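Asks: how would this look folded up:
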Amino acid sequence: MILRFYTGVMVLSVFGLVVMSFIVSINHTLSHANKKLFIASYILTMTGALFEWGAYCLRATNAPVWLHVFVKTVELVVAPAIPLAIVPGIYNNRRLMRAMIAITAVNAVIEIVSAFTGFVFYVDAANVYHHGQFYFLYISMYMLETAGLFFAAIMALRIYQGKKAPILILVLLYMVMGIAMQLVDSTIRVDYITITIVLMFFYIVHEDIIRSSDSLTRMLNRHSYDTKLSNISDNTLIVNIDIDYFKQCNDSYGHLFGDEVLRVTSSVIRASLPSHGFCYRTGGDEFCVMVEDPSLDPDTYLEALHEHMAGRRATMPSLPFISTGYAMFDPAKESVFDAIERADTMMYKFKGLRKKLLQEGKEPTYPELQEILRNTPLSSHVKKR
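Replies: Numbering: from 1, shown residues only. Got it, this is the predicted structure:
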């Protein structure tokens with residue numbers, strides 16, 4: 001009865017992974033390399049599941065003990081390698097990859113040696129599988145690889161502004177719970193269906209990040225921006241940002257340089273962003289930052305942003321200036337589009353004044369520009385381009 005139930009669980013797990021492989025293969029938003037990584041993780045999981053099922057079927061049978069040992073060794077080598085297969089598609093960091101490859105290799109050596117010595121696992125003369133005295137080494141390797149996967153996911157969320165850390169924590173707890181249940185009671189065979197569901201969770205989160213992000217700048221995209229505008233219900237700082245002379249950059253240095261300008265500028269904006277804010281690419285060279293924090297001082301934030309840009313310009317002299325304008329949006333007093341218009345008006349006044357001063361050979365700081373703007377009548381703002 002237990003074997004039939006366990007077989008059913010394994011069939012559902014393997015078939016679920018086959019379905020996921022098909023879904024990934026026809027996904028047009030994934031790169032070919034990422035498709036291969038996701039499918040590789042599914043194949044490894046299917047391999048581990050089938051070998052664990054095979055080892056369970058061999059227990060207390062007349063099958064050769066060496067066959068049981070071989071099947072179990074393969075399963076214990078494969079299982080910790082599953083996170084390694086998927087990590088490069090989430091967060092391709094060389095140090096992390098080297099560490100995870102080393103852990104996988106060490107685990108493989110440990111399991112192969114244990115097949116002959118029995119210090120991690122062994123199969124007795126009655127063909128019954130047992131945990132050895134140092135079985136905790138396998139669990140440690142497994143958990144380290146899992147931690148590497150979750151670290152990669154958290155770093156990817158930071159890069160793409162995903163505020164989904166609580167979801168990842170819940171997924172990790174789900175995975176730990178599934179593995180712990182089987183460790184506590186070996187008759188509860190749920191580890192591979194747990195891993196299967198966790199891989200599905202990761203795919204869903206990954207897809208959500210990709211679909212809501214701009215591929216070049218890694219900022220949230222225009223669709224995310226429009227959705228955010230329709231859902232703002234609290235006081236929010238809205239900052240509009242525009243790259244000066246961006247068309248001239250493309251004309252003078254080419255579109256590849258223009259793309260680099262967009263990447264560098266967006267990286268500065270993201271690095272300067274308050275932890276509870278969001279930044280969006282709303283057009284070709286136009287960005288928007290939204291921070292739901294009425295206590296945040298806009299001028300302090302923007303001064304830091306312009307200083308950060310100046311620092312990058314010191315190492316990349318051709319990097320253009322940016323123009324900024326802001327508005328504090330109060331949903332009880334105005335529409336969000338009125339606030340955006342006010343931010344735009346300030347930004348174009350800022351842009352026009354900077355161009356005028358640069359033509360005069362002056363390069364004012366952000367506080368100096370703001371001081372001039374405060375003393376300039378609103379009606380004198382420069383027309384939009």
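Asks: for the stretch 151-300 of the chain, what spans make up the helices?
Replies: 165-184, 191-212, 222-229, 246-253, 255-272, 298-315 (DSSP state H, counting those that start in this stretch).
Asks: nearest to residue 48, of the ones you listed?
Replies: helix 191-212 (6.6 Å; CB to CB). From N, CA and C alone the C-beta is placed, and that goes for glycine too.
Asks: who's in contact with the nearest residue to residue 182 once chain neighbours are set aside?
Replies: Once flanking residues are discounted, residue 182 sits nearest to residue 191: 4.9 Å by CB to CB, 6 or more residues apart in numbering. By CB atoms under 8 Å, 6 or more residues apart in numbering, the contact set of residue 191 is 52, 178-179, 182.
Asks: how about residue 34?
Replies: residue 89.
Asks: hang on, it is in a helix, isn't it?
Replies: Yes. The assignment for residue 34 is a helix, going by DSSP: H, G, I helix; E, B strand; the rest coil.
Asks: any idea of the pLDDT on it?
Replies: In this model, residue 34 is scored at 88, pLDDT.
Asks: that one and residue 160, how far apart?
Replies: From residue 34 across to residue 160, the span is 14 Å (CB to CB, to the nearest Å).
Asks: low-confidence stretches in the chain?
Replies: Where the chain drops to pLDDT under 70, the residues are 1, 162-165, 376-385.
Asks: switch to 50 and redo it
Replies: 378-385 (pLDDT under 50).
Asks: pull the contacting residues for the residue most central in space within it.
Replies: Centroid-nearest residue in the chain, with CA atoms, centre = their mean: residue 156, separated by 2.4 Å. The contact partners of residue 156, taken as CB under 8 Å, 6+ apart, are 90-91, 162, 206, 209.
Asks: picking up where we left off before, how near is the residue nearest to residue 182 to residue 88?
Replies: 24 Å.
Asks: residue 58 now?
Replies: Taken as CB to CB, the span from residue 58 to residue 88 is 34 Å.
Asks: residue 185 too?
Replies: Taking CB to CB, one finds residue 185 at 35 Å from residue 88.
Asks: so between these two, which is more surrounded?
Replies: Between residue 185 and residue 88, counted using other CB atoms under 10 Å, the more crowded position is residue 88 (18 against 10).
Asks: OK, contacts around the more buried one?
Replies: Contacts of residue 88 by CB under 8 Å, 6+ apart are 33, 37, 97.
Asks: phi, psi for residue 244 please.
Replies: Backbone torsions for residue 244, taken as degrees, to the nearest 10, come to phi -70, psi 140.
Asks: I'd say it and residue 352 touch.
Replies: No. The pair residue 244 and residue 352 does not pass the contact test of CB atoms under 8 Å, sitting 10.4 Å apart.
Asks: higher neighbour count, these two?
Replies: residue 352 (19 against 16).
Asks: buried sites along the strand or helix carrying the more buried one?
Replies: Applying DSSP states H and E as the criterion places residue 352 in helix 336-359. Across helix 336-359, burial judged by 16 or more other CB atoms under 10 Å covers 336, 339-340, 342-354.
Asks: that one versus helix 222-229: what angle between them?
Replies: 120 degrees (axes from the mean of the first three to the mean of the last three CA atoms, to 10 degrees).
Asks: helix or strand next in line after helix 336-359, which one?
Replies: helix 366-374.
Asks: give the other helices and strands that that following helix contacts.
Replies: Applying 3 or more CB pairs under 8 Å, 6 or more residues apart in numbering; DSSP states H and E, we find helix 366-374 packed against helix 298-315, helix 336-359.
Asks: of these, which approaches residue 227 most closely?
Replies: helix 336-359 (12.3 Å).
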